[in-house]
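A.B. asks: no letters, just coordinates:
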């Protein structure tokens, strides 16, 4: 009589984009997984670590575009694990930093599915670094605040965010004008140095600098897209003193289309 064996789900951070920033543990898990469920902002080279014949399932979401409901992703992960499979849930950045990894962990916990979390390099740290912006610097900034411009059910605490020594704001691109006006209204000086880092650590990364009061207009002129981080604080001005780093092209083989593989190769 055969014994049913349930699988396991690994919630894995793929890092900010550059495939060279994938952790060794993430690469090893990809090489052995039966199923890989992945998001939009995953570099194609990362997926080459998956073993031959692994099932690759794209569940990417893009603001204003097609999306897979979070509940459907939960159901997919649970169903794959109950088939006895080893599942890698591959997410951009770190699963627990604005990645909804907590929601997926709670769903797996409630379903009684074995799971682990494998941290990844967050774009909140990696994108400013790739743009030659130290988020802390002795004598300039002794703290950094990470926040998102999108919150469900309530507005960000703009007074708190305006007081941050260094502010790194995720998902600010589509609401940049609103965000900068809110920060200024809450007390941040309009002249505060600010930068937008588009596609941080990808080969097609772009960095735009301007005072806080004009960074939204600058981004609009340059048609900045997603993903993009807003960095606000005096640390942005250090970039001008690091020209060697600012000129360095992030790792990667050049601009790549976001790979979408539906239903995998099983």
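C.D. replies: On my side now, so go ahead. Bear in mind that the values here come from a model prediction, so they are computed numbers and not experimental data.
A.B. asks: doesn't residue 169 belong to a helix?
C.D. replies: No: counting by DSSP: H, G, I helix; E, B strand; the rest coil, one finds residue 169 to be strand, located in no helix.
A.B. asks: the nearest residue to it once chain neighbours are set aside in helix, strand or coil?
C.D. replies: Residue nearest to residue 169 in three dimensions, not counting chain neighbours: residue 230, with 4.2 Å by Cβ to Cβ, 6 or more residues apart in numbering. No exception for glycine: its C-beta is placed from N, CA and C like everyone else's. Classification of residue 230 using three-state DSSP returns strand.
A.B. asks: contacting residues for the nearest residue to residue 163 once chain neighbours are set aside?
C.D. replies: Nearest in space to residue 163, with sequence neighbours left out and distances taken as Cβ to Cβ, 6+ apart, is residue 187 at 7.1 Å. Counting by Cβ atoms under 8 Å, 6 or more residues apart in numbering, residue 187 touches 159, 162, 163.
A.B. asks: how near is the nearest residue to the second one once chain neighbours are set aside to residue 161?
C.D. replies: Spatial nearest neighbour of residue 162, excluding adjacent residues (Cβ to Cβ, 6+ apart): residue 186 at 3.7 Å. Going from residue 186 to residue 161 by Cβ to Cβ, to the nearest Å gives 7 Å.
A.B. asks: tell me which of those two has more neighbours.
C.D. replies: Each of residue 186 and residue 161 has its neighbours counted (other Cβ atoms under 10 Å); residue 161 has more, 19 against 15.
A.B. asks: what pLDDT does the more buried one get?
C.D. replies: pLDDT recorded at residue 161 is 96.
A.B. asks: quick check: it touching residue 183?
C.D. replies: Yes: assessed by Cβ atoms under 8 Å, residue 161 is found in contact with residue 183 at 6.4 Å.
A.B. asks: give the residues shared as contacts by the two.
C.D. replies: With Cβ under 8 Å, 6+ apart, residue 161 and residue 183 have common neighbours residue 167.
A.B. asks: coming back round to it: what subset of the contacts of residue 187 is buried?
C.D. replies: Buried by 16 or more other Cβ atoms under 10 Å: residue 162, out of the contacts of residue 187.
A.B. asks: mind putting the contacts of residue 187 into CSV with distance to residue 237 and secondary structure?
C.D. replies: Shown next, in CSV, are the contacts of residue 187 (distance: Cβ to Cβ, whole Å; DSSP: H, G, I helix; E, B strand; the rest coil):
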residue, distance to residue 237, secondary structure
159, 24, helix
162, 18, helix
163, 19, coil
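A.B. asks: export the contacts of residue 187 to CSV and tack on distance to residue 200?
C.D. replies: Output for the contacts of residue 187, formatted as CSV (distance: Cβ to Cβ, whole Å):
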residue, distance to residue 200
159, 27
162, 23
163, 25
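A.B. asks: just the closest of the contacts of residue 187 to residue 207, please.
C.D. replies: If you rank those by distance to residue 207 using Cβ to Cβ, residue 162 comes first, at 22.7 Å.
A.B. asks: against residue 153, how distant is residue 205?
C.D. replies: 33 Å.
A.B. asks: so which of the two has more stuff around it?
C.D. replies: In this view residue 205 and residue 153 are compared by other Cβ under 10 Å, and residue 205 has more residues nearby, 20 against 4.
A.B. asks: let me see the contact set for the more buried one.
C.D. replies: By Cβ under 8 Å, 6+ apart, the residues touching residue 205 are 127, 130, 131, 197, 198, 199, 249, 250.
A.B. asks: who wins for most neighbours among those?
C.D. replies: residue 127 (31 neighbours).
A.B. asks: thought that residue was touching residue 16?
C.D. replies: Yes: if you go by Cβ under 8 Å, residue 127 and residue 16 touch, sitting 5.9 Å apart.
A.B. asks: what residues do the two have in common as contacts?
C.D. replies: Taking Cβ under 8 Å, 6+ apart as the contact rule, residue 127 and residue 16 both touch 200, 201.
A.B. asks: from residue 169, how far off is the residue nearest in space to the middle of the chain?
C.D. replies: With distances taken as Cα atoms, centre = their mean, residue 93 lies nearest the centre of the chain, 4.0 Å away. Counting by Cβ to Cβ, the separation of residue 93 from residue 169 is 14 Å.
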